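Visitor: what would the 3D arrangement of this be:
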Amino acid sequence: MTKSVLGAATILVAAFHSPGGPSQGRDVAPQDGERHFASIRQVTFGGENAEAYFSRDGQWLTFQSTRDGRACDQQYVMRIDGSGLTRVSNGKGKTTCGWFLPDGQRLFFASSHAHDSTCPPRPDPSKGYVWGLDRFDIYTAGRDGSGLRRLTNYDVYTAEGVLSPDGRRIVFTSLKDGDLDIYTMNVDGTDVRRLTTAPGYDGGPWWSPDGTKIVYRAWHPPDSAGLADYRNLLAQRMVRPSRMELWVMNADGSNQRQITSLGGANFGPSWTPDGRRIIFSSNYKNPRSRNFELYLVNLDGTGLEQITNHQEFDGFPMFSPDGRRIVWASNRGNSREGDTNLFIADWKD
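Guide: Below is the predicted model:
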């Protein structure tokens, strides 16, 4: 979903810079039915690794990880072969949703460290399957962790940022006005504009390749009882993500329209390089399960196609800028139950 927050700018870069060694990737065979994957390479090993996104030149990834025995996510970068690993965040709090700026030398991500140097508490398990809305704000930093700068100061959940194709604006999700809504702002944090206003969860926004549209996930409670439950959880800084569908809108927030009606949780949408289809993760075939698969769908909701075929989690897909590769997070090939690792596949149509 998201993870966040950087540390104080006064921390010495050397204290949290840990370059990786040579490539440690290994080849993994596609599952039966994964016809779009010409080959697969695993590039992380152990812990929870997720939300890996390509730099503009397609040579680097930024991602969040609980590697090295951490209790919650920190932000890292590495080359696509798994080498050059560097922790960018300061090791405090929790981070999520990193993204490279156009020059590839700086990135932004969300972090909770300004609110608490320790990991945020996990949601009460008696509430069922819920996501915690940790107090993230968005920061920028150099690829080596230097020059930390805070962009937002809302002191509530503010994360899920993605850069526009022209490199000028960031789209993100925030609780700053009392509901989970989608906003855009300039890359320096100015000119904040709210795009969604319907009561309920709007999040996971992602620009189309031409910058004219935004795909996102949403759940708008259909009745007063559902809305009351949603707002009760929101007051406790939680949201129940078990029902979400995909929506598309214009980049200015106009023409909001639902494109899936699958049931279950549909999330993590991004675009094919030609802008004609959406790739996303869903458990709609068994909504009570952890079996999330990747799917493609047309912008009008037709042409649903399953991409992965693995019994547990596959999610957070992104195509490389040249469209030749795809990166995603998966539970496949685990050496330990609960691990989530990053995989890169050569794509074939």
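Visitor: how about residue 184, what does it touch?
Guide: Contacts for residue 184 (Cβ atoms under 8 Å, 6 or more residues apart in numbering) come out as 164, 169, 170, 171, 172, 192, 193, 195, 251. Backbone N, C-alpha and C define where each C-beta goes, glycine included.
Visitor: turn the residues you listed into JSON lines, columns for secondary structure and neighbour count.
Guide: Formatted as JSON lines, these follow (DSSP: H, G, I helix; E, B strand; the rest coil; neighbours: other Cβ atoms under 10 Å):
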{"residue": "164", "secondary structure": "coil", "neighbour count": "17"}
{"residue": "169", "secondary structure": "strand", "neighbour count": "19"}
{"residue": "170", "secondary structure": "strand", "neighbour count": "27"}
{"residue": "171", "secondary structure": "strand", "neighbour count": "22"}
{"residue": "172", "secondary structure": "strand", "neighbour count": "27"}
{"residue": "192", "secondary structure": "coil", "neighbour count": "15"}
{"residue": "193", "secondary structure": "strand", "neighbour count": "13"}
{"residue": "195", "secondary structure": "coil", "neighbour count": "20"}
{"residue": "251", "secondary structure": "coil", "neighbour count": "18"}
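Visitor: reformat the residues you listed as JSON lines; add distance to residue 139 and pLDDT.
Guide: JSON lines is the format used below for the contacts of residue 184 (distance: Cβ to Cβ, whole Å; pLDDT from 0 to 100):
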{"residue": "164", "distance to residue 139": "18", "pLDDT": "98"}
{"residue": "169", "distance to residue 139": "17", "pLDDT": "98"}
{"residue": "170", "distance to residue 139": "12", "pLDDT": "98"}
{"residue": "171", "distance to residue 139": "17", "pLDDT": "98"}
{"residue": "172", "distance to residue 139": "12", "pLDDT": "98"}
{"residue": "192", "distance to residue 139": "16", "pLDDT": "98"}
{"residue": "193", "distance to residue 139": "20", "pLDDT": "98"}
{"residue": "195", "distance to residue 139": "22", "pLDDT": "98"}
{"residue": "251", "distance to residue 139": "24", "pLDDT": "98"}
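Visitor: what's the closest of these to residue 240?
Guide: residue 172 (21.1 Å; Cβ to Cβ).
Visitor: quick one on the thing from earlier: which one of the contacts of residue 184 is nearest to residue 57?
Guide: Proximity of these to residue 57 (Cβ to Cβ) peaks at residue 164, which lies at 17.2 Å.
Visitor: residue 170 is in contact with the closest one, correct?
Guide: Yes - taking contacts as Cβ atoms under 8 Å, residue 164 lies within contact range of residue 170: 7.2 Å.
Visitor: how about the helices in the protein?
Guide: Ranges of helices in the chain, per DSSP state H, are 224-235.
Visitor: sorry, back to before: how about the contacts of residue 184 in TSV, adding distance to residue 64?
Guide: What follows is those, written out as TSV (distance: Cβ to Cβ, whole Å):
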residue	distance to residue 64
164	21
169	22
170	17
171	19
172	16
192	24
193	27
195	25
251	26
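Visitor: residues contacting residue 179?
Guide: Under the criterion of Cβ under 8 Å, 6+ apart, the contact list for residue 179 reads 197, 199, 200, 234.
Visitor: and with 7 Å instead?
Guide: By Cβ atoms under 7 Å, 6 or more residues apart in numbering, residue 179 lies in contact with residue 199.
Visitor: relative to residue 202, how far out is it?
Guide: Counting by Cβ to Cβ, to the nearest Å, the separation of residue 179 from residue 202 is 8 Å.
Visitor: ok, residue 287 next?
Guide: Between residue 287 and residue 202 the computed distance is 20 Å (Cβ to Cβ).
Visitor: over to residue 128?
Guide: In terms of Cβ to Cβ, residue 128 sits 22 Å off from residue 202.
Visitor: between these two, which has more neighbouring residues?
Guide: Using other Cβ atoms under 10 Å as the criterion, residue 128 and residue 202 rank with residue 202 on top: 25 against 11.
Visitor: residue 216 contacts residue 205, correct?
Guide: Yes - the pair residue 216 and residue 205 qualifies as a contact (Cβ atoms under 7 Å) at a distance of 4.3 Å.
Visitor: give me the common contacts of these two.
Guide: Residues touching both residue 216 and residue 205 (Cβ under 7 Å, 6+ apart) are residue 182.
Visitor: residue contacts, the closest residue to residue 31 other than its chain neighbours?
Guide: Leaving aside its sequence neighbours, residue 31 sits nearest to residue 309 (Cβ to Cβ, 6 or more residues apart in numbering; 4.4 Å). Contacts for residue 309 (Cβ under 7 Å, 6+ apart) come out as 31, 32, 33, 34, 293.
Visitor: now residue 229
Guide: Contacts of residue 229 (Cβ under 7 Å, 6+ apart): none.
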